[in-house]
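Peer 1: sequence plus predicted model, see below.
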Amino acid sequence: MGREDVLALLRRAEGAYLSGEDLSRRLGLSRAAVWKAVSALRQEGYVIEARTGLGYRLADTPDALTEQEIRSFLGPTDIVGREVRCFDELGSTNTYLKELALAGGAEGTVVTANCQTAGRGRLDRSFQSPADKGIYLSVLLRPELPPEHLFPVTALSGVAVCRAAERVCGARAGLKWPNDPVLNGRKLSGILTELSLEGETGRLQYLVVGIGINVSQGPEDFTPEVAQMATSLVRELGRPVSRPALAAALIEELDRMYAALRQGNLTDFLAEYRRRCVNLGKPVQLLGSDGTRQRAQALDVDEQFGLMVRLPDGQERTIRSGEVSVRGLYGYVE
Ligand code: BTN
């Protein structure tokens, strides 16, 4: 415990020096125990300066996805983030959380991994999740809502990702329909929502929303195919972005999103989705699962987050997520 208590006091001092004597008196620890705690923290990447006659000051914190670091940035939330479990490596945070859900895991539990060895994307694709570069985070929800009300969760989570990125580093991310956060025309984040319904009653057992955000990946961190369409915050902004700060902001935004979903009050989210949707007013290609391609003009997003398009023959139709993939005429977005 000494380590956490010493860190808490150093954080509270906001970069000012605290004497070893002061620390040991306030925590009821010996001077040797304070020194041991400082050494342990340094090993974990905390930069603690020591000056004779002044004591210790916290000069920098590690860019680590640990519960301690995430909580140091996290404000109060209602449900999401009640429990936060952080791992250095997992196969997939979604898979971990689905197993936890079946074992009775608590609603709002957040799981993060510093790297995933079997990160999963939509349509059975993999999600490349290199260590120390991204945020791989899933949340367990158990809304008491009929399954048809859950349809917009992935799109709403896309809005939450954009809001979190904007708050933490000023990135003005857009949304490629139906739910990919994009920056400067490339994919910044992927979202995979998985749910389980009880066979007999059709009641929801659990809902797991899994989000991957590319924070500091360069093209070399992706396979050539993915590198063409993916980007990261650091690559686009050209400055460092704190992963624990971004994870905390994401937890807060997901908590707001979940409150809106439970209250059935999605007006603001829908308006923001429309504002951020990069496809609206632009030509798109509709890619069928059988390889067919059709050109269309993206017109609007309806109340169920369907994409309303005009086909070349003038006919208008609304596309639901999963029906076809949408691309720009020349690339991923444009
Ligand atoms: C996609 O773009 O196809 C969705 C990608 C979703 C990736 C996230 S990373 C955290 C969570 N765990 C997974 O295995 N997948 C999701």
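Peer 2: Noted; the coordinates are in hand.

Peer 1: how about the residue of the stretch 201-334 of the chain found nearest the ligand, phi and psi?
Peer 2: With Cβ to the nearest ligand atom as the measure, G210 is the residue of the stretch 201-334 of the chain nearest to the ligand, at 2.7 Å. For the C-beta atoms, the positions are set from N, CA and C on the backbone; glycine is no exception. Main-chain dihedrals, G210, degrees, to the nearest 10: phi -110, psi 130.

Peer 1: can you verify my assumption that it contacts I135?
Peer 2: No - when contacts are counted by Cβ atoms under 8 Å, G210 is not listed as touching I135 (10.9 Å).

Peer 1: contacting residues for the closest residue to R327 other than its chain neighbours?
Peer 2: Leaving aside its chain neighbours, R327 sits nearest to Q285 (4.8 Å; criterion: Cβ to Cβ, 6 or more residues apart in numbering). Counting by Cβ atoms under 8 Å, 6 or more residues apart in numbering, Q285 makes contact with 293-296, 326-329.

Peer 1: can you select the buried ones from those in PyMOL?
Peer 2: To isolate in PyMOL the members of those that are buried, counting by 16 or more other Cβ atoms under 10 Å, one can use:
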select buried, resi 296+326+327+328
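
Peer 1: show me which of the contacts of Q285 is closest to R172.
Peer 2: G328 (18.2 Å; Cβ to Cβ).

Peer 1: excluding its backbone neighbours, what's nearest the closest one?
Peer 2: Nearest one to G328, counting by Cβ to Cβ, 6+ apart, is E334 at 4.2 Å.

Peer 1: thought the one you found was touching V284?
Peer 2: No - using Cβ under 8 Å, E334 is not in contact with V284, being 9.9 Å away.

Peer 1: neighbour count winner among these two?
Peer 2: V284 (25 against 13; other Cβ atoms under 10 Å).

Peer 1: show me what the helix or strand containing T318 is packed up against.
Peer 2: Assessed by DSSP states H and E, T318 sits inside strand 316-319. On a contact count with 3 or more Cβ pairs under 8 Å, 6 or more residues apart in numbering; DSSP states H and E, strand 316-319 meets strand 307-310.

Peer 1: the strand it packs on pairs with which strands, and in what direction?
Peer 2: According to DSSP bridges, strand 307-310 forms sheet pairs with strand 293-301 (antiparallel), strand 316-319 (antiparallel).

Peer 1: in it, what counts as buried?
Peer 2: 307-309.

Peer 1: now do stretch 316-330
Peer 2: Result for stretch 316-330 [16+ other Cβ under 10 Å]: buried residues 319, 321, 324-328.

Peer 1: now render the residues you listed as a markdown table, adding distance to G121, pLDDT and secondary structure.
Peer 2: Below are these laid out as a markdown table (distance: Cβ to Cβ, whole Å; pLDDT from 0 to 100; DSSP: H, G, I helix; E, B strand; the rest coil):
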| residue | distance to G121 | pLDDT | secondary structure |
| --- | --- | --- | --- |
| I319 | 20 | 93 | strand |
| S321 | 14 | 79 | coil |
| V324 | 17 | 75 | coil |
| S325 | 13 | 80 | strand |
| V326 | 16 | 82 | strand |
| R327 | 16 | 78 | strand |
| G328 | 20 | 73 | coil |
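
Peer 1: can you give the domain ranges for this protein?
Peer 2: Split into domains by automatic domain parsing, the chain comes to 2-60, 67-276, 283-331.

Peer 1: noted, bye for now.
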